[in-house]
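Peer 1: what's the 3D shape of this:
(one chain, ligands or ions: 1)
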Amino acid sequence: MRLVSFDDYRIGVLTDSDNVVDVTGLLPELPAEFEPMRMLLLIERWDGLRPQVEAMAASESGVPLNSVRLLPPVPAPRKVYAQPVNYKAHHEEMQDSPWSGTAPQVSSDQGMFLKASSAVSGPNDPILLPYSDRVIHHESELVMVIGKGGSMIPVDDALSHVFGYTCGLDMTVRGPEDRSKRKSFDTFAPIGSCIVTADEIADPQDLEINLWVNEELRQHAFTRDMIVDCKNQIANMSWVARMEPGDLVFTGTPEGVGSVGPGDLVTINISQVGELSARAQARE
Ligand code: MN
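Peer 2: Numbering: from 1, shown residues only. Below you'll find the model as predicted:
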């Protein structure tokens with residue numbers, strides 16, 4: 001099933017004919033200030049709600065996708081985990097790069113980092129570039145959306161904690177500061193356009209990632225080349241910080257990172273998962 005957030009934080013199922021069926025009515029009313037958390041509630045209650053969501057999606061025709069305004073599918077995650085330097089070829093390109101002061105170590109040594117959850121943006125949001133005199137890179141990444149939470153999740157059980165998958169851009173200012181600064185600017189975590197539920201992805205290590213800037217293909221890779229695979233990321237990260245429903249895990253970028261400037265249209269496509277485009281502009 002493909003799920004979207006749209007308009008005023010409503011939740012929809014994307015049908016095979018790309019219509020949106022609004023299933024918001026299956027969830028309790030929320031005060032307006034808490035509506036951005038509605039997707040967290042759906043994920044939390046998914047096991048009980050799924051049959052009703054499926055029935056509603058099958059019986060209603062919905063409205064055309066282009067008649068709604070898509071939001072990031074998880075507009076307000078509690079946490080955004082990320083895996084550094086997780087593809088060998090990206091490790092190699094970064095070792096020779098002028099962008100980082102010290103040569104990065106490989107992912108299995110480095111573990112994890114956190115991006116500010118307020119950096120999340122969606123398919124209709126610009127990527128706001130905070131500097132005009134610094135190198136700002138795109139990083140195309142498969143993103144896991146956590147379903148059932150947990151602490152110290154065993155590797156063998158880890159993929160059962162995945163609610164679904166989406167496309168993500170781990171936007172990054174290159175330079176010497178801590179990652180949490182360089183990767184946490186507002187709009188530096190575009191995700192979407194939809195969540196594909198985990199039952200539709202037989203193997204998250206068998207996906208193809210492509211990223212274009214305007215018409216130019218910059219990144220082309222396969223998730224089988226991750227250094228730390230998805231299930232081990234969940235085990236490692238939850239060993240540190242307890243996972244909660246709706247948390248996001250950016251699983252690392254392959255080689256081919258490059259700079260993004262004002263006006264550039266950045267598009268990521270992941271096989272079986274979908275596509276996300278966002279245009280960069282200078283921050284006022
Ligand atoms: Mn990254």
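Peer 1: ok, now which ones touch Gly258?
Peer 2: 137-138, 213, 218 (CB atoms under 8 Å, 6 or more residues apart in numbering). Any C-beta I mention is one placed from the backbone N, CA and C, and that applies to glycine too.
Peer 1: now the residues you listed as a markdown table including secondary structure, pLDDT and distance to Gln233?
Peer 2: Converted to a markdown table, the contacts of Gly258 look like this (DSSP: H, G, I helix; E, B strand; the rest coil; pLDDT from 0 to 100; distance: CB to CB, whole Å):
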| residue | secondary structure | pLDDT | distance to Gln233 |
| --- | --- | --- | --- |
| His137 | strand | 96 | 21 |
| His138 | strand | 97 | 21 |
| Val213 | strand | 98 | 27 |
| Arg218 | strand | 97 | 24 |
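Peer 1: So which of these wins on neighbours?
Peer 2: In terms of neighbours by other CB atoms under 10 Å, those top out with His138 at 28 neighbours.
Peer 1: Please report the distance of the residue of the chain found nearest the ion from Ala189.
Peer 2: Closest approach between the chain and the ion, counting by CB to the ion: Asp170, at 3.4 Å. Separation of Asp170 from Ala189 (CB to CB, to the nearest Å): 7 Å.
Peer 1: shared neighbours, these two?
Peer 2: Shared contacts of Asp170 and Ala189, defined by CB under 8 Å, 6+ apart, are found at 115, 183, 250.
Peer 1: now, among those residues, which is nearest to Leu129?
Peer 2: Closest to Leu129 out of those is Lys183 (13.5 Å), distances taken as CB to CB.
Peer 1: got the residues of the stretch 1-150 of the chain near the ion?
Peer 2: Within the stretch 1-150 of the chain, the positions adjacent to the ion are Glu139 by CB under 5 Å from the ion.
Peer 1: Do a quick rundown of the helices in the stretch 151-284 of the chain.
Peer 2: Ranges of helices within the stretch 151-284 of the chain are 179-182, 230-240, based on DSSP state H, counting those that start in this stretch.
Peer 1: you'd agree Val145 is up against Gly164?
Peer 2: Yes: using CB atoms under 8 Å, Val145 is in contact with Gly164, at 4.8 Å.
Peer 1: remind me which residues of the stretch 151-284 of the chain are low pLDDT?
Peer 2: Under the criterion pLDDT under 70, no range of the stretch 151-284 of the chain is flagged.
Peer 1: Buried deepest among the helices of the stretch 151-284 of the chain, which one?
Peer 2: Greatest average neighbour count among the helices of the stretch 151-284 of the chain goes to helix 230-240 (a mean of 21), per mean count of other CB atoms under 10 Å.
Peer 1: That helix and the ion, any residue contact?
Peer 2: No: using CB under 5 Å from the ion, helix 230-240 stays clear of the ion, with a minimum separation of 12.0 Å.
Peer 1: helices or strands up against that helix?
Peer 2: Counting contacts by 3 or more CB pairs under 8 Å, 6 or more residues apart in numbering; DSSP states H and E, helix 230-240 is packed against strand 140-146, strand 248-250.
Peer 1: Tell me which of the ones you listed lies nearest to Ile268.
Peer 2: Closest to Ile268 of those is strand 140-146 (CB to CB; 4.5 Å).
Peer 1: mean confidence for the closest one?
Peer 2: With pLDDT averaged residue by residue, strand 140-146 scores 98.
Peer 1: in its sheet, what does that strand sit against?
Peer 2: Applying DSSP bridges, strand 140-146 is found paired with strand 162-169 (antiparallel), strand 248-250 (antiparallel).
Peer 1: so how far is the shortest one from its chain's centroid?
Peer 2: Remark: strand 248-250 is offset 6 Å from the chain centroid, using CA atoms, centre = their mean, to the nearest Å.
Peer 1: what's the answer for stretch 77-97, then?
Peer 2: With CA atoms, centre = their mean, you get 14 Å for stretch 77-97.
Peer 1: And the strands in the stretch 51-200 of the chain?
Peer 2: 63-64, 70-71, 80-82, 113-115, 120-121, 127-129, 136-138, 140-146, 162-169, 172-173, 189-197 (DSSP state E, counting those that start in this stretch).
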